[in-house]
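Asker: Quick one, structure for this:
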Amino acid sequence: MRFCQNTRPGFLARNTPKPLISDSLGSLDAVNLESTCTKGTGGTHMDWTHELQSFSNMKLQLAHHRRSFGITPCAGSAISAFYASTASLVQWLGHHCNAQQDLANLSDVWAPGQYMSNPESWTAPILTALKCCHASVICRV
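Answerer: Residues are numbered from 1 along each chain as shown. Okay, here's the model as predicted:
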């Protein structure tokens, strides 16, 4: 399960703006943990206290090198994956926006009318989603 069920949602999480997919990823995390506990305990986990269930969920989501199952929570990792990949694209386009290069002005080709150095000018959906994601991360810190 940890190698199959999280692969497609992980891909979607990295490539879909957070507001479009976050609710469904949160419920998917709960279903993954529930099915893992059901398989591992034969359904006896239903009698556990809330604290014990929370502890088992935490242990299931810890990384392999910490002697756990490494079931990455999609809802949480989606934010960082989308932010990192989109911010990298913005950085790359910002470095290739000089019209005097031998190559075309890639920023103009891939994001016309969007000035990578000025987030206030961004109107493209993926860039506005990046601004919202950034604001969400900053307010949680």
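Asker: mind listing the helices in the protein by residue range?
Answerer: In chain order, the chain shows helices spanning 7-15, 18-41, 50-61, 74-95, 106-110, 125-140, with DSSP state H as the criterion.
Asker: Tell me which of the ones you listed lies nearest to Ser68.
Answerer: helix 50-61 (5.4 Å; CB to CB). Where you see a C-beta, it was placed from the backbone N, CA and C, and this is true even at glycine.
Asker: Burial check on the residue nearest to Val90 when sequence neighbours are not counted, number of neighbours?
Answerer: The shortest distance from Val90 to any residue that is not its chain neighbour, by CB to CB, 6 or more residues apart in numbering, is 5.5 Å, and that residue is Met116. Counted by other CB atoms under 10 Å, the residues lying close to Met116 total 19.
Asker: Distance of Met116 relative to Leu89?
Answerer: Met116 is 9 Å from Leu89, where distance means CB to CB, to the nearest Å.
Asker: how long is stretch 116-132 from one end to the other?
Answerer: For stretch 116-132, the first-to-last residue distance is 16 Å (CA to CA, to the nearest Å).
Asker: Pull out the buried positions in that stretch.
Answerer: In terms of neighbour count (16 or more other CB atoms under 10 Å), stretch 116-132 has its buried residues at Met116, Trp122, Ile126, Leu127, Ala129, Leu130.
Asker: okay, among those, which ones form the most distant pair?
Answerer: The two members of those with the most space between them (CB to CB) are Met116 and Ala129, at 15.3 Å.
Asker: mind checking how far Ser80 is from Cys133?
Answerer: In this structure, Ser80 and Cys133 are separated by 9 Å, where distance is defined by CB to CB.
Asker: Next: Phe69.
Answerer: Distance from Phe69 to Cys133, counting by CB to CB: 28 Å.
Asker: Look at these two and report which has more neighbours.
Answerer: In this comparison of Phe69 against Cys133, neighbours counted by other CB under 10 Å, the higher total goes to Cys133 at 20 against 16.
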